[in-house]
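J.: Pasted the sequence and its predicted model underneath.
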Amino acid sequence: MKLKILTEGDEKLRVICKPVPKVTAQIKKLAADMIETMYAAKGVGLAAPQVGSDLRIIVFDPRTSRRRKPQVLINPVLSELEGEIRGDEGCLSCPGLWGEVTRYAHVKATGLNEKGEEVEIESEGGVLSVVLQHETDHLDGILFLDRLDPAQQLRVMKEREEL
């Protein structure tokens, strides 16, 4: 089922999410609905707070190939953060807004998949590294707008007023 994506200004986007104690049928359904919502919105990632949930769940598909390969990461933990990449980011919760964000190039993410199995994902630069960090930020109440430098924040504020 397609869910409503909350937009900037909604207080639920600023909540620090709670760990998922157990992967249940309800959690699996939420993850499946998040994937459907992500694809319907033509996004590459989505975090639970963006659909009003306060649980630590992200879904993503950085589309490194033509085939869809959605992934679920429950209770993600990022480690081995190294290097630096800088690039434009947008967000389904901040429609029409873009900004250049600096992220770590190398990222290791661990957590559970939708079956409750432990998984480890490692990325060296590129879209996957950015998506993992961007979506995990959402779980801590952080939007990509918070990571912009002051000059970009001013530019985005003007764009927001025009929208």
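T.: On my side now, so go ahead.
J.: can you tell me which residue is nearest the centre of this structure?
T.: With distances taken as C-alpha atoms, centre = their mean, Glu135 lies nearest the centre of the chain, 1.8 Å away.
J.: In a strand, that one, correct?
T.: No - secondary structure assignment places Glu135 outside any strand; it is helix (DSSP: H, G, I helix; E, B strand; the rest coil).
J.: which stretches of this structure have low pLDDT?
T.: For the chain, applying pLDDT under 70 flags the ranges 64-66, 163.
J.: Can you name the residues that contact His106?
T.: Contacts for His106 (C-beta atoms under 8 Å, 6 or more residues apart in numbering) come out as Glu80, Leu81, Glu82, Gly83, Glu122, Ser123, Glu124, Gly125, Ser129. To be clear about C-beta, it is placed using only N, CA and C from the backbone, and glycine gets the same treatment.
J.: And for the residue nearest to the second one when sequence neighbours are not counted, the neighbour number?
T.: Distance criterion C-beta to C-beta, 6 or more residues apart in numbering; nearest residue to Leu81, sequence neighbours excluded, is Tyr104 at 4.1 Å. Here the neighbour count serves as a burial measure; for Tyr104 (other C-beta atoms under 10 Å) it reads 18.
J.: picking up where we left off before, could you give the bridge partners of the spatially closest residue to the residue nearest to the centre of the chain that is not a sequence neighbour?
T.: Take Glu135 and drop its neighbours on the chain: the residue closest to it by C-beta to C-beta, 6+ apart is Ile58, 3.9 Å away. As for beta bridges, Ile58 partners with Ala47, Leu73 under DSSP bridges.
J.: Give me the neighbour count for Ile58.
T.: 30.
J.: Could you measure from it over to Glu162?
T.: From Ile58 across to Glu162, the span is 30 Å (C-beta to C-beta, to the nearest Å).
J.: what sits against the residue nearest to Glu135?
T.: Applying C-beta under 8 Å, 6+ apart, we find Ile58 in contact with Gly45, Leu46, Ala47, Ala48, Val72, Leu73, Pro76, Leu132, Glu135, Thr136, His138, Leu139.
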